[in-house]
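Trainee: Pasted the sequence and its predicted model underneath.
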Amino acid sequence: MKMNAALKVLFFFTDLILPLTVGYLLKKTKLKPKFFDQMMYWHILVLAPIMAVLSFWTISLDTELIWLPILGVIMQIVPGLIGYFRVKHKYDSPLDQGAYILSTMLVNRGVVGTLCLFILFGEEGYAYAQLVMLFSNVVLYMFCFPMARYFYQAGRGGEGESLSIKKILLNPKQIPVIGIFIGFILNWTGLQRPAVFDSSFEWMVHLSAWMSVLPIGYFMDFQEIKHFWKSTLDVFWIRFVATPLVVLLIALPFIKGLEALLSVVIISASPTAINAVITSKLNDLNMHLAMASLITTTAAYLLVIFPLIVILVEMVV
C-alpha cells in the first residue's frame, strides 16, 4: 500500500532520529564502544548482503541502469572538487582541510539515502540505491583513504603507511557486493523469489537502519563538535543544491525512467556520511569537524530537505 506524505516523514524519523537519540542516551550506560563496533560489523557481514540479494532478485533489468553506478561516482567527485577548491580559503591546517573535503565528498547514501528511496519507491528504490553505491567502496579505499593520508602527512610531516591491496579486496565491507551479484544471477535465471520475503523485507530495512544509526548516536560528542559546526554550514549548498543539480543535468540524456531518474537525483542530495568521520579518525585528521558536518547536514535534511523531497515526489509521480 502506498504511504501518504505524513506517514513517510514519520517513518523516516522513527528509523533515523529515534536510533540516533537512543544511541546517544546509551552513552550513560555500561555498554562499551566495542559493542557498537560489533553491531556495525555484523550489519555489513550478514544483513546487508541478504538485503542486496533480495532486492536485486526482483529488480527490472534495464541497460540504462548501468549509468547508476557511474553517476554514483560522479555524485562523489563533484562535491569533492568543490570542497577542494573552497578549503584553501577556509582552513590553514591540512588536518582540517582533509576532514572538510571528506565531509563534502562522502555522503550518507547507505542509510539516509537508501531509506529515503525505500520510503518513496519501495524495494525498487532500495535496489536503485544499491546500484548507485556499487563503486562506493572503490572510491573510499582507492581514493579517499590515500587522500586522507596525504593531508595527514602535510599536517604532521611523518611518512604514511602504504595501502594494502589485499585489505582493499578482501574486506568485510565488500561482502554486500557479493550479495548484489547473487541477486543479479537469481534475477537472470527467472527463478521467482519466495513470497515470504515480500513481507519480511520491510522489517529488514528497519533493522538495517537501527544497526547502522544506533552506533553513530553513541559516538557523538557535542562538546567537541560545537567548535566546528558554523564553519561547515557551507556544505549545505554543496550537498543539497550544487551536487543534485549537476547530477540531474548529466543524468537527463541517459536515464529515461522517471523513478530511476528521481532516485539518482534524490540520493545525490544526501547529508554527510559517518564514513567521513571514520576516515578522518583512522587517518588522524580533525574527526570533530567531520562529525559537525554530519550532524548539521543530517539535521537540515530531516527538517527541510526530506519533507521537500516527499512533497515534490508526490506532485510528479
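Mentor: Cool, the structure landed.
Trainee: shaky segments in the stretch 201-317 of the chain?
Mentor: Counting by pLDDT under 70, the stretch 201-317 of the chain shows no low-confidence range.
Trainee: can you pull out the helices in the stretch 101-250 of the chain?
Mentor: Remark: helices assigned in the stretch 101-250 of the chain by DSSP state H, counting those that start in this stretch are 114-132, 136-139, 145-156, 165-169, 175-189, 196-219, 222-225, 235-237, 243-251.
Trainee: I'd like to know how far residue 56 sits from residue 133.
Mentor: As for residue 56, its distance to residue 133 is 12 Å (criterion: CB to CB, to the nearest Å). Glycine gets a C-beta too; all of them are placed from N, C-alpha and C.
Trainee: Likewise for residue 297?
Mentor: 18 Å.
Trainee: Quick one: residues contacting the closest residue to residue 26 other than its chain neighbours.
Mentor: Leaving aside its chain neighbours, residue 26 sits nearest to residue 218 (5.5 Å; criterion: CB to CB, 6 or more residues apart in numbering). With contact set as CB atoms under 8 Å, 6 or more residues apart in numbering, residue 218 has these partners: 23-24, 26-27, 31, 33, 36.
Trainee: same deal with residue 267?
Mentor: Counting by CB under 8 Å, 6+ apart, residue 267 touches 75, 109, 113-114, 116-117, 128-129, 132.
Trainee: run the last query once more with 10 Å
Mentor: For residue 267, the contacting residues are 68, 71-72, 75, 107-109, 112-114, 116-117, 125, 128-129, 132-133, 244, 247, by CB atoms under 10 Å, 6 or more residues apart in numbering.
Trainee: What of residue 245?
Mentor: Going by CB under 10 Å, 6+ apart, the list of residues near residue 245 reads 78, 265, 268-269.
Trainee: Which among the contacts of residue 267 count as buried?
Mentor: In the contacts of residue 267, burial by neighbour count holds for 68, 71-72, 75, 107-109, 112-114, 116-117, 125, 128-129, 132-133, 244, 247, counting by 16 or more other CB atoms under 10 Å.
Trainee: Quick check: which helices or strands does the host helix or strand of residue 78 pack against?
Mentor: In the assignment (DSSP states H and E), residue 78 maps to helix 67-87. Judged by 3 or more CB pairs under 10 Å, 6 or more residues apart in numbering; DSSP states H and E, helix 67-87 is in contact with helix 94-105, helix 114-132, helix 136-139, helix 145-156, helix 235-237, helix 243-251, helix 258-268.
Trainee: one more time with 6 Å
Mentor: Contacts defined by 3 or more CB pairs under 6 Å, 6 or more residues apart in numbering; DSSP states H and E place helix 67-87 against helix 94-105, helix 114-132, helix 243-251, helix 258-268.
Trainee: buried sites along that helix?
Mentor: For helix 67-87, the neighbour count (16+ other CB under 10 Å) marks 67-76, 78-80, 82-83, 86-87 as buried.
Trainee: and residue 303, which of the helices of the stretch 101-250 of the chain is closest to it?
Mentor: helix 235-237 (11.8 Å; CB to CB).
Trainee: Can you list the buried residues in that closest one?
Mentor: Of the residues in helix 235-237, those buried (16+ other CB under 10 Å) are 235-236.
Trainee: how distant is that helix from the center of its chain?
Mentor: 16 Å (CA atoms, centre = their mean, to the nearest Å).
Trainee: distance of residue 296 from residue 132?
Mentor: For residue 296 relative to residue 132 (CB to CB), the value is 24 Å.
Trainee: oh sorry, the question was meant for residue 308
Mentor: From residue 308 to residue 132 the distance is 20 Å (CB to CB).
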